[in-house]
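Visitor: Predicted structure and sequence below. I'll ask about it afterward.
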Amino acid sequence: MQIGSCWFDASQQELRNQASNQDWKMAPYESEVLSQLVQHRGQVVSNQALQIAIEQHGETEASLLAIIQKIRSFLGKEHDSLIETVSDQGFLLHRKTSSNQQSLLDRPKRMIPYGRYFAISALTLAIVALMYNAIGHADFFQPHFQHEVVTQQGKRVVLHWYATDEQEAQLQEQVNGVAKVLQSCRIVPWTSILLAMSHDQHIASVLLKSEMKESEHYKNIKVMLDEPGLSFFNKEWAEEVGACE
Amino acid sequence: MSSVLGVSRPQPKFSLWPMFFTAFFLLWVCLGLNHFAASRDIPEFRCNAELLTSNLLGQSDGELLLNINHRNDSVVLEYLHRVEGNILGSLSLTSDLLGLEIASMTYKLLLKEGEITGNTALDMLPQNIQKLLITHTSQPNQSRLPFDIQILDMDKNAGYSVLRLKPGNNLWVCEIQH
């Protein structure tokens, strides 16, 4: 039986390297191991089966790994990959040497058992979950209040209100009032209106935004307030500043 | 003697090395992009708002301008009060840029000093800014105010951005300066 550049004679328990012209008279248990691999070429022979083969010849001290290493060494560097170690299973004798077989870039098969693969995947997911929790999450980004208003003309205007936590309860009703003002307008030449009250309720920011197909237009208004709140935003005021017509 | 027991086809398994290398590479790409984005300076802005002092009649009191610029290694916010083309007063606030919180698109700054010129009414400014200025004039070394500039919207094609300044909670629409 040809194995790489060697000829194996199982009956003579001899392995001959035809390239280097070396002969190896194998011990019976060594020959038995190689015979098992040859008989089941292309299949994985389990560690257990090979160990039994060694012990059948009364050898209890010999190490299976040492025997395999010895055979590989005799086959030579060019063909030592013919005997593949299948981790946790056994050994496999290939029919021919694969040219660029490197364990690091091996095909995605025959490397680790399913159990270990899923264990490592679970560990990776756990690490990702821990990292996700450790990363700061996005701050409150959306306005506290967002309302779509339909004007008398049927146009939709989006009302955005950016408030501090302290303002939310107080001004909710007043923002509803702004929405009603817009609803009562005949024409609102804006697509969205952004409102914000300063922290000290001293200044109101009113931002009018119009999104046309080719361009966007803005109008920014700061209102110095005599009294806190959005009560200034009535229909007369809205018409005065151009928020509606 | 051949043993039937223990002879099998190779069981399919998986090689993790290619996946590890790919994940490792992607991780460093993400970290690099995150570092690059977070280390970028705040853009410069020109903001303009009509200032109304009467909330009933919509009576205009000129314009309030806000310019956000880089000066040396600092970020300078300059408020100007302009009436009929004349600058009546200005307030210049110098701050350090602490970083960018990408998730919320918020620039974190630390206000360190302010300078007021002209007769801009102090009460035209947010209260926390007023307090900072008052504190700064009495204890120049102890006035520091952390504040944020959050970018709510940015349209680079149109050249506009909507900013929210916190903790004052003021909105500005600004022209992006290139």
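Guide: Yes, it's here. Numbers count the residues shown, from 1 in each chain, chains lettered A, B, ... in the order given.
Visitor: Give the next helix or strand downstream of the lengthiest helix in chain B.
Guide: In chain B, taking DSSP state H as the definition, the longest helix is helix B:17-38. Using DSSP states H and E, the helix or strand that follows helix B:17-38 towards the C-terminus is strand B:44-52.
Visitor: What's the mean pLDDT across that next one?
Guide: If you average the pLDDT over strand B:44-52, you get 89.
Visitor: buried stuff in the helix or strand that comes right after that strand?
Guide: Using DSSP H and E, the next helix or strand after strand B:44-52 towards the C-terminus is strand B:60-71. Buried residues in strand B:60-71, counted by 16 or more other CB atoms under 10 Å in any protein chain shown: B:60-68. (Each C-beta comes from the backbone N, C-alpha and C, glycine too.)
Visitor: Would you mind confirming that B:Ser60 is in contact with B:Leu52?
Guide: Yes. B:Ser60 is within contact range of B:Leu52, at 5.9 Å (criterion: CB atoms under 8 Å).
Visitor: ok so, going back, looking at the buried residues of strand B:60-71, spot the one nearest A:Ser20.
Guide: Distance to A:Ser20, by CB to CB, is smallest for B:Ile68 among those, at 79.3 Å.
Visitor: before we move on, the earlier item: could I get the buried residues of strand B:60-71 as JSON lines with distance to A:His40 and pLDDT?
Guide: As requested, the buried residues of strand B:60-71 are exported to JSON lines (distance: CB to CB, whole Å; pLDDT from 0 to 100):
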{"residue": "B:Ser60", "distance to A:His40": "95", "pLDDT": "72"}
{"residue": "B:Asp61", "distance to A:His40": "96", "pLDDT": "74"}
{"residue": "B:Gly62", "distance to A:His40": "94", "pLDDT": "81"}
{"residue": "B:Glu63", "distance to A:His40": "90", "pLDDT": "84"}
{"residue": "B:Leu64", "distance to A:His40": "88", "pLDDT": "85"}
{"residue": "B:Leu65", "distance to A:His40": "86", "pLDDT": "88"}
{"residue": "B:Leu66", "distance to A:His40": "82", "pLDDT": "90"}
{"residue": "B:Asn67", "distance to A:His40": "82", "pLDDT": "92"}
{"residue": "B:Ile68", "distance to A:His40": "77", "pLDDT": "92"}
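Visitor: ok, of the residues you listed, which one's closest to chain A?
Guide: When the buried residues of strand B:60-71 are compared for distance to chain A (CB to the nearest CB), B:Leu64 comes out closest, at 5.3 Å.
Visitor: Quickly run through the sheet partners of the longest strand seen in chain B, with directions.
Guide: For chain B, the longest strand by residue count, based on DSSP state E, is strand B:86-101. The strands beside strand B:86-101 in its sheet (DSSP bridges) come out as strand B:74-83 (antiparallel), strand B:106-118 (antiparallel).
Visitor: who's in contact with the first one?
Guide: I take that to be strand B:74-83. With CB atoms under 8 Å, 6 or more residues apart in numbering or on different chains as the test, strand B:74-83 has contacts from B:42, B:51, B:61-70, B:87-97, B:109, B:112, B:118, B:120-121, B:124-125.
Visitor: Just the buried residues of it, please?
Guide: Across strand B:74-83, burial judged by 16+ other CB under 10 Å covers B:75-82.
Visitor: now the last one
Guide: Neighbour counts over strand B:106-118 (16+ other CB under 10 Å) mark B:106-109, B:111-112, B:114, B:116 as buried.
Visitor: pLDDT below threshold where in chain A?
Guide: A:60-62, A:97-113, A:133-144, A:171, A:212-216 (pLDDT under 70).
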